[in-house]
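**Q** Model the structure of this input:
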Amino acid sequence: MLASSSLTGEEYTASFSCSSYLCATPNPSYKLHVGLINFSLRVEGPPQGGPTAVLASFGGFGDFGIDAPGVVQGRFVVKDSGLVGIGTATPSQRFTIAQGYGHAIADGWDTYSSRRWKTNIHTLNGALGKIEQMRGVSYELKDSGKHEIGVIAEEVGVVVPEVVSWEENGTDARSVDYGRLTALLIEATKEQQLLIHSQQEQIRAQQAQITRLSAQIKVIQASLSTNGGNGSEVRTVKAKMSVAQQ
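**A** Model prediction:
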């Protein structure tokens, strides 16, 4: 029930008596201040959606936030700069979820990657060597004890600094962009396949040489059986076969 209201200049304050549904603070600190414990504020939108249907709109400058117990803007915040934070009042990136706040889940996440927005494009070289310098590890998170697998950001930063972000001190790593490691894995796989193909060609050439030398041995053996001899030709061919098999 509305107990009293006043309109003074640009400020409007309202005081409500407590009921089972609503209780507003009797000493408002803001132009609209609904407070006290175990009460909420509900805003209902238009009955139908559409491009012109707006539930709430906030303009001007300043942050928009939802507090956590004891932490102003601790649940959610859109900073005046446009940075968005969940679980943190001080997001450092365009969209930041606080460490230890849990996993996000979605049907998918696309990254802008068109050639239209890129220049100075080069294929990665030495990718296999870089992969060999990194290691995959298993570990437990200190805060929760959860068992995970991944990499160590500081170690990856030594090899591929482009995928690691750092704290302001420039020493402590903050995160790894696992998705961009895919580019390195693609080129490393291609380099490895070239090595495999080269080895396969070498094996095929050696096998062909062994086949030819085996045929020569059979011919020489047949000749020795028919005409006799000391077998020196056979020993020479077998020596060649031994070299081919190495």
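
**Q** Tell me, how many residues neighbour L83?
**A** Neighbouring residues of L83 were enumerated by other C-beta atoms under 10 Å; the total is 17. Just so you know, the C-beta spots here come from the backbone N, C-alpha and C atoms, and that holds for glycine as well.

**Q** List the residues that contact it.
**A** Applying C-beta atoms under 8 Å, 6 or more residues apart in numbering to L83 gives the contacts P91, S92, Q93, R94, F95, T96.

**Q** Which single helix of this protein contains the most residues?
**A** Within the chain, and with DSSP state H defining each element, the longest helix by residue count is helix 181-227.

**Q** Which parts of the chain are strands?
**A** For the chain, applying DSSP state E gives strands covering 2-8, 11-16, 64-68, 71-78, 84-86, 95-97, 137-140, 147-150, 164-166, 173-176.

**Q** if we can go back for a sec, run the chain-centre distance for the longest helix of the chain.
**A** Taking C-alpha atoms, centre = their mean, to the nearest Å, the mean C-alpha location of helix 181-227 is offset from the chain mean by 41 Å.

**Q** Kindly report the same for stretch 50-66.
**A** Going by C-alpha atoms, centre = their mean, where stretch 50-66 is centred and where its chain is centred differ by 31 Å.

**Q** for stretch 107-123, same thing?
**A** Distance of stretch 107-123 from its chain centroid, counting by C-alpha atoms, centre = their mean, is 15 Å.

**Q** Stretch 84-97 too?
**A** 17 Å.

**Q** pLDDT averaged over that stretch - what is it?
**A** Taken as a whole, stretch 84-97 carries a mean pLDDT of 91.

**Q** Which positions within it qualify as buried?
**A** V84, G85, I86, G87, T88, A89, P91, T96, I97 (16 or more other C-beta atoms under 10 Å).

**Q** Pull the CA coordinates from that stretch and hand them back as CSV.
**A** What follows is stretch 84-97, C-alpha atoms only, in CSV (Å, rounded to 0.1, in the frame of the first residue of the first chain):
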residue,chain,number,x,y,z
VAL,A,84,31.1,-7.2,-19.4
GLY,A,85,31.8,-9.3,-16.3
ILE,A,86,30.1,-12.3,-14.7
GLY,A,87,31.3,-13.0,-11.2
THR,A,88,33.7,-10.1,-11.3
ALA,A,89,33.2,-6.4,-10.9
THR,A,90,36.4,-5.6,-12.7
PRO,A,91,36.4,-7.4,-16.1
SER,A,92,39.7,-7.1,-17.9
GLN,A,93,38.5,-8.3,-21.3
ARG,A,94,35.5,-7.5,-23.4
PHE,A,95,33.7,-10.5,-21.8
THR,A,96,35.2,-12.0,-18.6
ILE,A,97,33.9,-14.8,-16.4
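
**Q** hmm, who's touching it?
**A** With C-beta under 8 Å, 6+ apart as the test, stretch 84-97 has contacts from 65, 68, 71-79, 82-83, 98, 101, 104.
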